[in-house]
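Engineer: Structural data only, the sequence is not supplied:
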């Protein structure tokens with residue numbers, strides 16, 4: 001087994017110089033090289049005969065270089081030509097401004113070239129886009145791998161090294177799945193998989209190899225995730241058995257009817273809370289879907305069963321929002337509710353902590369302040385984490401450790417495609433509120449260019465005359481935070497002093513003190529401030545039903561998920577709301593994002609589009625989760641494989657060897673995952 005982790009330097013054909021090149025590609029040892037998956041393939045079965053090439057189309061030919069020629073034009077451009085012959089004729093391969101090519105391509109070499117076919121002064125030419133010098137080893141394969149490269153490495157060298165590694169080291173790679181599992185999940189053997197991912201015999205063999213390696217990756221990822229988040233076995237989990245009709249009374253006092261989706265997820269959560277095991281559930285709901293009332297009813301069940309409940313939010317604004325909402329839901333009930341944040345004064349904090357430890361507080365809502373060492377509960381039975389992606393696993397664990405295995409409900413308004421949710425949260429069951437409350441009008445989203453700004457201002461003035469309120473949101477990213485803040489302040493000054501001078505304009509940004517932020521937000525909620533210019537601190541937790549217009553400045557700089565979150569701040573009342581995406585997208589991807597926002601209000605569709613556009617490494621910051629280390633699995637296409645791998649990971653108890661491979665596969669320190 002140690003052979004698999006032999007330093008790459010000592011592999012045949014590598015040495016100290018090439019080791020540095022491989023290290024730049026993240027390849028440190030034999031194991032890494034086996035998982036160094038080709039980015040594409042050259043299928044030599046698709047090679048044309050020279051006589052069959054069609055002018056104006058792309059062609060691929062294989063032949064022998066008969067002669068070469070270098071031409072220098074009057075404008076200083078260097079053109080290199082290779083005259084290539086196969087059994088049917090001759091074609092000129094042409095390279096523009098690549099003078100080094102003359103040192104590579106020599107007469108007598110076998111070569112494969114791809115490019116657009118032209119007729120130039122009566123001679124057939126291919127403007128070369130890709131080329132391969134063919135060796136005897138290459139000629140033995142119909143399909144050749146094309147690897148990502150770095151300076152100093154070429155395809156020929158990498159192929160040769162990989163080919164050698166497959167022959168010498170593959171026998172040492174253990175198959176972690178026995179024959180029964182392979183048969184049940186339709187998986188080929190591991191050796192067959194590696195051979196056909198690097199040098200596929202054909203399309204069918206490649207598909208089988210890819211399926212096996214994707215399954216293996218996702219299985220290892222899920223096992224690793226489960227071990228990271230493993231809680232010790234407990235004698236007594238919290239079992240919620242209601243002692244009064246608190247849940248019934250709160251449900252009956254609601255001023256609205258629960259949607260069928262809300263009723264479904266409440267049933268799922270209650271079933272978990274009543275079971276003799278710890279609940280670990282992720283509640284997903286699009287912006288405005290009504291997660292807070294679901295959380296309130298779960299807390300009511302906990303309190304009715306004689307336990308305390310805690311809800312932790314990432315920002316003070318959101319914590320305060322929850323506090324006010326929960327107070328309304330429990331109005332008239334004999335339930336003590338408290339708020340604990342970083343802004344809570346020392347004297348008040350001492351009172352809250354003492355009451356909490358004595359069981360005199362039933363529900364506490366707070367920020368990271370809840371996980372401080374001096375915070376103690378009497379009987380913590382339910383932990384709710386809101387906007388889960390803003391917290392790490394560590395914070396979730398710290399809060400749950402304040403009690404004896406309390407039930408855990410994590411919530412997010414950031415729609416996550418099911419495949420990604422199952423991968424990221426392999427230890428959590430999934431509940432989705434996929435229905436908005438009746439009567440809620442979809443926000444009209446319109447992308448406009450900067451040149452239409454004055455017409456936009458005219459529209460906003462009409463809304464302000466009706467007594468409505470408006471958000472202007474400016475981007476704020478770490479790399480250009482200072483300039484971005486200046487831009488937000490400049491916009492505030494412009495709107496306040498020139499464009500909307502007859503209205504009250506407020507400014508909100510992350511550098512302000514908590515008390516200043518709170519003052520501005522309270523004034524906006526109360527209608528004293530008509531227009532709020534803000535950075536993305538309003539992304540989550542701000543609920544002002546009278547705000548009907550949102551303008552997102554330089555919208556092309558935001559991701560789809562963030563744009564959707566921001567849009568969710570309007571349309572929270574009965575009136576028609578509008579979201580204007582003001583920007584000048586310079587790339588096709590940025591333009592597609594803005595058009596996707598125009599076309600749908602469905603956060604789950606947008607999340608899937610975001611994942612498609614940006615890939616799993618960048619989507620929602622998931623690099624921190626190790627998903628960028630998936631070499632084969634595709635989180636969009638491999639939904640069934642993800643579900644099967646997760647299913648198997650739940651019933652397999654990993655041994656030391658398996659944990660060792662997980663550490664190596666995902667580049668974890670040896671002590672990160674322990675059995």
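Structural biologist: The structure has been received and is ready for your questions. What you see is a predicted model; the values in this text were computed from it and never measured.
Engineer: Low-confidence ranges, the stretch 551-675 of the chain, go.
Structural biologist: 611-629, 636, 667-675 (pLDDT under 70).
Engineer: Please repeat the previous calculation with a cut-off of 90.
Structural biologist: By pLDDT under 90, the weakly predicted segments of the stretch 551-675 of the chain are 556-575, 583-590, 592-593, 600-640, 642-643, 645-647, 649-675.
Engineer: now the strands: where do they sit in it?
Structural biologist: Using DSSP state E, counting those that start in this stretch, the strands found in the stretch 551-675 of the chain span residues 578-582.
Engineer: just the stretch 251-400 of the chain next, same as before
Structural biologist: Going by DSSP E, counting those that start in this stretch, the stretch 251-400 of the chain shows strands at 280-285, 308-312, 337-340, 363-366, 380-385.
Engineer: Now residue 3: closest residue in space, sequence neighbours ignored.
Structural biologist: Setting aside the residues directly before and after it, residue 3 is nearest to residue 172 in space (CB to CB, 6 or more residues apart in numbering), at 4.8 Å. C-beta: built from backbone N, CA, C; applies to glycine.
Engineer: if we can go back for a sec, could you single out the most deeply buried of the strands of the stretch 251-400 of the chain?
Structural biologist: Ranked by mean neighbour count under mean count of other CB atoms under 10 Å, the strands of the stretch 251-400 of the chain are led by strand 308-312, which reaches a mean of 28.
Engineer: now that strand and strand 380-385, what's the angle there?
Structural biologist: For strand 308-312 against strand 380-385, the angle by axes from the mean of the first three to the mean of the last three CA atoms, to 10 degrees is 10 degrees.
Engineer: what number of residues lie near residue 335?
Structural biologist: Neighbourhood size, residue 335 [other CB atoms under 10 Å]: 20.
Engineer: Surely it and residue 360 touch.
Structural biologist: No - using CB atoms under 8 Å, residue 335 is not in contact with residue 360; the gap is 11.5 Å.
Engineer: Do I have it right that residue 64 meets residue 84?
Structural biologist: Yes - contact criterion CB under 8 Å: residue 64 and residue 84 qualify, at 6.9 Å.
Engineer: more neighbours, these two?
Structural biologist: residue 84 (27 against 14).
Engineer: from memory the more buried one sits against residue 94, does it?
Structural biologist: No - Residue 84 is not in contact with residue 94 according to CB under 8 Å; the separation is 10.7 Å.
Engineer: Below-threshold pLDDT in the stretch 151-300 of the chain: ranges please.
Structural biologist: Using pLDDT under 90, the flagged stretches of the stretch 151-300 of the chain are 151-157, 160, 174, 201-203, 218, 220-238, 253-257, 276-282, 284-291.
Engineer: quick revisit: from residue 340, how far off is the residue nearest to residue 3?
Structural biologist: Applying CB to CB, to the nearest Å, the value for residue 172 to residue 340 is 55 Å.
Engineer: Then residue 223?
Structural biologist: Counting by CB to CB - residue 223 and residue 340 are separated by 37 Å.
Engineer: re earlier: hey, what's in contact with both of residue 64 and residue 84?
Structural biologist: Counting by CB atoms under 8 Å, 6 or more residues apart in numbering, the contacts common to residue 64 and residue 84 are residue 111.
Engineer: for the lengthiest helix in the chain, packing partners?
Structural biologist: Identified as the longest helix of the chain according to DSSP state H is helix 203-228. Secondary-structure packing of helix 203-228 (3 or more CB pairs under 8 Å, 6 or more residues apart in numbering; DSSP states H and E): helix 190-198, helix 418-424, helix 639-651, helix 656-665.
Engineer: And the first one, how far out from the chain middle?
Structural biologist: It stands for helix 190-198. 29 Å (CA atoms, centre = their mean, to the nearest Å).
Engineer: Report the buried residues of that helix.
Structural biologist: Neighbour-count burial for helix 190-198 flags 190, 192, 193, 194, 195, 196, 197, 198 (criterion: 16 or more other CB atoms under 10 Å).
Engineer: ok, the last one touching residue 161?
Structural biologist: This means residue 198. No - with contact defined as CB under 8 Å, residue 198 does not reach residue 161; the gap is 10.9 Å.
Engineer: can you give me the helices for the stretch 351-500 of the chain?
Structural biologist: Secondary structure of the stretch 351-500 of the chain (DSSP state H, counting those that start in this stretch): helices at 393-400, 418-424, 453-465, 481-494.
Engineer: Least confident of these, on average?
Structural biologist: Mean pLDDT is lowest for helix 418-424 among the helices of the stretch 351-500 of the chain, at a mean of 67.
Engineer: coming back round to it: output the strands of the stretch 251-400 of the chain as a markdown table; include the columns distance to residue 543.
Structural biologist: Listed next are the strands of the stretch 251-400 of the chain as a markdown table, based on distance: least, CB to CB, whole Å:
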| stretch | distance to residue 543 |
| --- | --- |
| strand 280-285 | 15 |
| strand 308-312 | 16 |
| strand 337-340 | 16 |
| strand 363-366 | 15 |
| strand 380-385 | 18 |
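Engineer: and of these, who's closest to residue 353?
Structural biologist: strand 337-340 (8.0 Å; CB to CB).
Engineer: Adjacent strands (with direction) for that closest one?
Structural biologist: According to DSSP bridges, strand 337-340 forms sheet pairs with strand 363-366 (parallel).
Engineer: out of the strands of the stretch 251-400 of the chain, nearest to residue 151?
Structural biologist: strand 280-285 (43.7 Å).
Engineer: now the closest one and strand 380-385, what's the angle there?
Structural biologist: Inter-element angle recorded for strand 280-285 and strand 380-385: 40 degrees (by the same axes, to 10 degrees).
Engineer: Output the contacting helices and strands for strand 280-285.
Structural biologist: Going by 3+ CB pairs under 8 Å, 6+ apart, strand 280-285 lies up against helix 260-274, helix 291-304, strand 407-412, strand 429-433.
Engineer: can you pull the contacts of residue 546?
Structural biologist: Residue 546 touches 467, 468, 469, 527, 573, counting by CB under 8 Å, 6+ apart.
Engineer: Reformat the residues you listed as a markdown table; add neighbour count and distance to residue 141.
Structural biologist: Listed next are these as a markdown table, based on neighbours: other CB atoms under 10 Å; distance: CB to CB, whole Å:
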| residue | neighbour count | distance to residue 141 |
| --- | --- | --- |
| 467 | 10 | 73 |
| 468 | 20 | 67 |
| 469 | 22 | 66 |
| 527 | 14 | 72 |
| 573 | 16 | 65 |
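Engineer: burial count for residue 105?
Structural biologist: 20.
Engineer: Report the secondary structure state of it.
Structural biologist: What DSSP: H, G, I helix; E, B strand; the rest coil gives for residue 105 is coil.
Engineer: Please consider this matter closed, and thank you.
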